[in-house]
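Asks: Have a look; sequence and predicted model below, questions after that.
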Amino acid sequence: AKNDIEHPDGHTGVIITSGTKVADAITTKEGILVTNIENELLETYSEEVQKMLKRGLPLGEYEVKEVKAPEGYYIDEEKTTQEVQLDEEDNNAEVVSKETIFINDRKMIGLEDNENGEKAGIYKYDEETKEPIQDVEFGIYTAEDITENGSVIVEKDTLILKAKTDKDGKIQSDVKLPLGKYYIKELKAAKGYEYDDRIIEFNIIDQEKDKKIYNMYTEISNKQTDINILKTDVDKNPLSGAKLQLLDSEGNVLKEWDSAQEAYNVKALETEKEYKIKEVEPTKGYVTEEEKIFTLDKYGNIIMDEDDLYNENTILIKDEKTKLQIIVVDEKTEEELSGVHVEIIDKETNEKVYEFDTKEEETIIEGLSVGNYDVIQKTEEDGYVTTHNSITIEDKKGVQENILKQKITKLNVKIKDTEEEKYVNAKKIQIKDINTGKIIASTERNEDEETLIIEKLEDGYYIERLPIGNYKIEVEVEEGYKEIDEQEILIKDEEE
């Protein structure tokens, strides 16, 4: 009662004193007050007055005060009380009805830091460096239907807010959300970071009567993309000394390094973009590997051929050794020769890098550096001279076959008429071992199959395959010429 209220009979006097609470009231879902007269109040009056009060409140001035807001709403302290006047003019009515309206605002979830220093919103930071991450896009969704007066006003899984973190790694907004269940989901990772598919759930309920805004705040870490690049041989043994580059899809060089026994680590590559690894220079003795192309999916996983992966986050760049095959053949017959000692000399350093003896089965030489080489071929077999050749080991896979000719000894014999300055023929020419006198070569064929044949040429005589050493040559000239004295000759270990 705002003031003292008297009995309507005009003589009983005050029946309700000012300030007395006469009834409790609670709204239904339709907003209608359900009222009850206080029993303690009724008991202070006569039975007649109690009957009257049970019918309703006497005319007079009353104050209606909201003492408890509906769940999820708060009371505006400046509008907690409203006056109701049951006037005399309404006395002719059997029942006087009055309406008063109270407006309650919902308690809300805030996404902005408040003046009390309470944090709100989303904070995204680097898991390793703890530095804030900019440009991560998040969405806030309803985790349940949001209702009002029994009706769904926002359905479950509705996107309420979509925003990106600022330079401080924060998302803050003046948007206010009704109390309830929500979840936060990352929609797009920042450049150089893995996508984080974790769902962060919130269930904010009303726990404090006078609290109007409940702040929603979460801190979420994230990892940079992180891969390794390992240079190995075909057996996956690490190789040092190769020069490699990492390029983007436009050919820009992002990283350069020399391979080592440990893998090279690369962080913060963007996801869902194409990259290329280029070997600029292989490890010595190996062939340059072809370029490798890869991408990272949104989770930072490497997408490429499984044969090029060492493990889930390590790329293999496998190099093959150079492979060289040298076959030595007779320069005339081109038949393959065994037993030739071959030395391979690096042209740049003049160092011997490899040597071997030819044999019937093929010899594959692995691991010589790409470049130019001199080859020295020596054999103990009679009739051959030490032979020099040049080869190039190219930067390519597979066996590089080189067929090298072994040169034979060659001797030209010419008989000259000193007066007429012309070459003349001989009746017979014989070349004998200087020590034993054995005929080694002759213009005449004999029963000794080992004797070499001296061939007649247009302007002289030619003999090949004489073993290296000293000989004497006997020439029987035609009639009309003086006999030629026996001469000594030396077959040298020279290619000329």
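Replies: All right, it came through fine. Residues are numbered from 1 along each chain as shown.
Asks: what's the neighbour count on the closest residue to residue 185 other than its chain neighbours?
Replies: Nearest-residue entry for residue 185: residue 139, 5.3 Å, with adjacent residues in sequence omitted and distances by Cβ to Cβ, 6 or more residues apart in numbering. C-betas here are computed from N, CA, C, even on glycine. Residues within reach of residue 139, counting by other Cβ atoms under 10 Å, total 15.
Asks: Show me the beta-bridge partners of residue 139.
Replies: Residue 139 forms beta bridges with residue 162, residue 185, as assigned by DSSP bridges.
Asks: For the protein, name the helix or strand with the lowest mean pLDDT.
Replies: Here the helix or strand of the chain ranked lowest by mean pLDDT, DSSP states H and E is strand 33-37, holding a mean of 65.
Asks: Report the backbone C-alpha coordinates of the helix or strand just after that strand in CSV.
Replies: Next helix or strand after strand 33-37 toward the C-terminus (DSSP states H and E): helix 39-42. Taking C-alpha atoms only, helix 39-42 is exported to CSV below (Å, rounded to 0.1, in the frame of the first residue of the first chain):
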residue,chain,number,x,y,z
ASN,A,39,-2.3,-14.8,5.2
GLU,A,40,-0.6,-12.9,8.0
LEU,A,41,-2.4,-9.8,6.9
LEU,A,42,-5.8,-11.5,6.6
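Asks: helix or strand right after helix 39-42?
Replies: Assigned by DSSP H and E, the successor of helix 39-42 is helix 47-55.
Asks: partners of the following helix or strand past that following helix, with directions?
Replies: Moving toward the C-terminus from helix 47-55, the next helix or strand (DSSP H and E) is strand 60-65. Partner strands for strand 60-65, per DSSP bridges, with pairing direction: strand 81-86 (antiparallel).
Asks: Quick one: residues in contact with the strand it pairs with.
Replies: Strand 81-86 has contacts (Cβ atoms under 8 Å, 6 or more residues apart in numbering) with 2, 57-66, 96, 98, 100, 102.
Asks: Now do it, average pLDDT.
Replies: Averaging pLDDT along strand 81-86 gives 83.
Asks: List the buried residues for it?
Replies: Within strand 81-86, the residues that count as buried by 16 or more other Cβ atoms under 10 Å are residue 86.
Asks: Number the residues from 42 up from this point.
Replies: Renumbered: residue one is now 42, and that last one reads strand 122-127.
Asks: buried subset of the contacts of strand 122-127?
Replies: Buried, going by 16+ other Cβ under 10 Å: 98, 99, 100, 101, 103, 107, 143, out of the contacts of strand 122-127.
Asks: Leaving out chain neighbours, which residue sits closest to the third one?
Replies: Meaning residue 100. That would be residue 127: by Cβ to Cβ, 6+ apart, it lies 4.5 Å from residue 100.
Asks: how close does that neighbour get to residue 82?
Replies: Between residue 127 and residue 82 the computed distance is 17 Å (Cβ to Cβ, to the nearest Å).
Asks: Farthest from the middle of this structure: give me that residue.
Replies: residue 52 (96.5 Å; Cα atoms, centre = their mean).
Asks: Let me know the pLDDT of it.
Replies: At residue 52, pLDDT is 80.
Asks: swap in residue 148?
Replies: 74.
Asks: do the same with residue 136
Replies: With respect to pLDDT, residue 136 has a value of 68.
Asks: Ok, residue 289 next?
Replies: Residue 289 is assigned a pLDDT of 96 by the prediction.
Asks: so it makes contact with residue 318?
Replies: No. Taking contacts as Cβ atoms under 8 Å, residue 289 lies outside contact range of residue 318: 11.4 Å.
Asks: More neighbours: which of these two?
Replies: Each of residue 289 and residue 318 has its neighbours counted (other Cβ under 10 Å); residue 318 has more, 23 against 14.
Asks: element containing that one, please.
Replies: strand 315-322.
Asks: helices or strands up against the helix or strand following that strand?
Replies: Counting by DSSP H and E, the next helix or strand C-terminal to strand 315-322 is strand 333-337. In terms of contacts (3 or more Cβ pairs under 8 Å, 6 or more residues apart in numbering; DSSP states H and E), strand 333-337 is packed against strand 315-322, strand 343-344, strand 355-360.
Asks: Name the surrounding residues that touch the last one.
Replies: It refers to strand 355-360. 268-275, 277, 280, 283, 285, 300, 304, 318, 320, 323-324, 327-330, 333, 335, 343, 345, 349-351.
Asks: hmm, try it at 7 Å
Replies: 268-275, 277, 280, 283, 285, 304, 318, 320, 323-324, 327-328, 330, 333, 335, 343, 349-351 (Cβ atoms under 7 Å, 6 or more residues apart in numbering).
Asks: what about the strands in the stretch 192-341 of the chain?
Replies: For the stretch 192-341 of the chain, the strands defined by DSSP state E, counting those that start in this stretch cover 192-195, 200-205, 211-212, 214-219, 221-229, 240-245, 254-256, 258-263, 267-274, 284-289, 294-299, 305-308, 315-322, 333-337.
Asks: do you know which of these lies nearest residue 61?
Replies: Among these, strand 254-256 comes nearest to residue 61, with 36.4 Å by Cβ to Cβ.
Asks: Mind listing the strands that closest one pairs with, and their directions?
Replies: Per DSSP bridges, strand 254-256 is paired in its sheet with strand 149-152 (parallel).
Asks: CA atoms of the strand it pairs with as CSV?
Replies: Output in CSV follows, covering the C-alpha atoms of strand 149-152 (Å, rounded to 0.1, in the frame of the first residue of the first chain):
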residue,chain,number,x,y,z
MET,A,149,23.6,-10.9,-22.3
ILE,A,150,27.0,-12.3,-23.2
GLY,A,151,29.6,-9.6,-24.0
LEU,A,152,32.5,-9.8,-26.4
